[in-house]
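**Student:** Generate coordinates for the sequence data below:
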Amino acid sequence: MEIGFNTTVESNFDLNEIISRMKSVEGKKVEAGVFGGFAEKKAMWNEYGTSRGIPARPFLRNSQYEHESEWSRQVGRDMVEVFRGSISGQAVGLKLGQKMADDIKATIDAGNFAALSASTIRRKGSSRPLIDTGDMRASITHKEY
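**Tutor:** The predicted structure follows:
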């Protein structure tokens, strides 16, 4: 007794195109923060504190700790869309970078940091940590490579 069957699989997708789309994301990196200029120095002084009495106000690290799983889930959802062809690999990096920068700014806006000294409050006229002229916050951006 012999039992056999034949089958064929038909699809309307191009496997090579899908592989190409997925490879367009391979090895890409996205960073968010303050890149260059005096604002970068101010960001570093505030992130880690200084020996001259500025306490650490880790807005970058706190943002990462608070949001990294959310960022990872977003990339996972976006990769499904890259697979489907509804967004490009480049869009994944742009969306992630913008979300990271927005989250860093929101961490600064929340203001949950070491209080400013009385002399600093008098000098700048505000008790909001990490916001003086606004140039450091405005310098927060992202880059992809």
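**Student:** Do you have the helices of this structure handy? List them.
**Tutor:** Listed in chain order, the helices of the chain (DSSP state H) span residues 15-23, 37-48, 59-84, 89-110, 118-124, 135-138.
**Student:** now the first one: mean pLDDT?
**Tutor:** pLDDT averaged over helix 15-23 equals 90, rounded to a whole number.
**Student:** In terms of secondary structure, what does it contact?
**Tutor:** The elements that helix 15-23 packs onto, with contact taken as 3 or more CB pairs under 8 Å, 6 or more residues apart in numbering; DSSP states H and E, are helix 59-84. (C-beta placed from N, C-alpha, C; glycine too.)
**Student:** what do you get for the longest one?
**Tutor:** Packing partners of helix 59-84 (3+ CB pairs under 8 Å, 6+ apart): helix 15-23, helix 37-48, helix 89-110.
**Student:** looking at those helices, which is closest to V30?
**Tutor:** Relative to V30, the nearest member of these by CB to CB is helix 89-110, separated by 4.7 Å.
**Student:** buried set for that closest one?
**Tutor:** 89, 92-93, 95-97, 99-101, 103-105, 107-108 (16 or more other CB atoms under 10 Å).
**Student:** hmm, back to that, confidence-wise, which of the helices and strands packed on helix 59-84 is weakest overall?
**Tutor:** Among the helices and strands packed on helix 59-84, helix 15-23 carries the lowest mean pLDDT, at a mean of 90.
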